[in-house]
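1. here are the coordinates; sequence isn't available:
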């Protein structure tokens, strides 16, 4: 690589130094400059009447107070609830699976083919197995509660 060649290219007339550049200021007009030429350096201020303040306080304030009350109530209820146990989580998961299987059954309700009939039987068997699992988990949960209480 030729370093001298790079220096020659850098010093050519294609590149201009910043000191030779000419920057022309552009004229911009703003609404504050045309409205009041003395207030160019100050900030604009807005005043609200007493009736406007009252309306704002009732409308916005009420909405903020209600949302704040809801958040506070949710936080208190979350603190009051017991943390879900492993058994409760399993029961919820199984219940969701049962709901999904029931939806599949409703989709197959109008189909009278043999494959649909076989699928319905399989789905019904799965629902029965999952229902039995829920019964076993509920029984275990009740035993654990009795052991901890007595």
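-> Structure received. Quantities reported herein were computed from a predicted structural model and do not represent experimental measurements. Residues are numbered from 1 along each chain as shown.

2. only C-alpha atoms for contact and neighbour calcs from this point on.
-> Will do.

3. what about this structure, any weak spots by pLDDT?
-> 1-43, 55-57, 59-65, 77-83 (pLDDT under 70).

4. buried ones in the helix ranked longest in the chain?
-> Longest helix of the chain, by residue count under DSSP state H: helix 114-149. For helix 114-149, a neighbour-count test (16 or more other C-alpha atoms under 10 Å) marks 116, 120, 123, 124, 127, 130, 131, 134, 137, 141 as buried.

5. packing partners of it?
-> Judged by 3 or more C-alpha pairs under 8 Å, 6 or more residues apart in numbering; DSSP states H and E, helix 114-149 is in contact with helix 86-107.

6. what's the helix it packs on packed up against?
-> Packing partners of helix 86-107 (3+ C-alpha pairs under 8 Å, 6+ apart): helix 114-149.

7. angle of the helix it packs on against helix 86-107?
-> 160 degrees (axes from the mean of the first three to the mean of the last three C-alpha atoms, to 10 degrees).
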